[in-house]
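>>> Quick one: sequence and predicted model below, then my questions.
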Amino acid sequence: MYSFRRIFNPTEEEKRQDYEFLKSIHEASARMKGCTTCENCVQVQSLPGFVTGEECECTEGLKCDTVLSTVKNCPKWKEREFTYGN
């Protein structure tokens, strides 16, 4: 269970741990050539604040699935740069 302090005021070490954890998730999806790590996957629905949605489209016109991650090894996949905290 997370503490409010860690969520809102993490130490530098906790920030580094979070970065490494999220980067490992990105790398795992990139190995499968999943939509969440593809430059061609663009979120088209703008939701407020921290809410995220499935409303994504592939700029190449292919199926895009960022929730269930059913799309793998897409022939048009191009890796999106991993960014965190920007």
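All right, it came through fine.
>>> what's the longest helix seen in the chain in contact with?
For the chain, the helix with the greatest residue count under DSSP state H is helix 12-31. For helix 12-31, the external contacting residues (Cβ atoms under 8 Å, 6 or more residues apart in numbering) are 6, 10, 36, 37, 69, 79, 82, 84, 85. Where you see a C-beta, it was placed from the backbone N, CA and C, and this is true even at glycine.
>>> Of these, which is the nearest to residue 43?
Proximity of the contacts of helix 12-31 to residue 43 (Cβ to Cβ) peaks at residue 36, which lies at 10.4 Å.
>>> Is that closest one in a helix, a strand, or coil?
Three-state assignment for residue 36 (DSSP: H, G, I helix; E, B strand; the rest coil): helix.
>>> That one is in contact with residue 67, isn't it?
No - counting by Cβ atoms under 8 Å, residue 36 does not reach residue 67; the two are 9.3 Å apart.
>>> In terms of neighbours, single out the busier of these two.
For the pair residue 36 and residue 67, the greater number of neighbours falls to residue 36 (18 against 11), based on other Cβ atoms under 10 Å.
>>> distance of the more buried one from residue 74?
Residue 36 sits at a distance of 12 Å from residue 74 (criterion: Cβ to Cβ, to the nearest Å).
>>> repeat for residue 8
Look at residue 8 and residue 74: by Cβ to Cβ, they are 37 Å apart.
>>> Between these two, which is the more surrounded one?
More crowded of residue 8 and residue 74, by other Cβ under 10 Å: residue 74, with 19 against 7.
>>> Now do the same contact list for the more buried one.
By Cβ under 8 Å, 6+ apart, residue 74 lies in contact with 33, 35, 38, 62.
>>> Low-confidence stretches in this protein?
Along the chain, segments meeting pLDDT under 70 span 1, 45-54, 85-86.
>>> mind checking how far the residue most central in space within it is from residue 18?
Residue closest to the average C-alpha location in the chain (Cα atoms, centre = their mean): residue 36, at 5.0 Å. Distance of residue 36 to residue 18, given as Cβ to Cβ: 17 Å.
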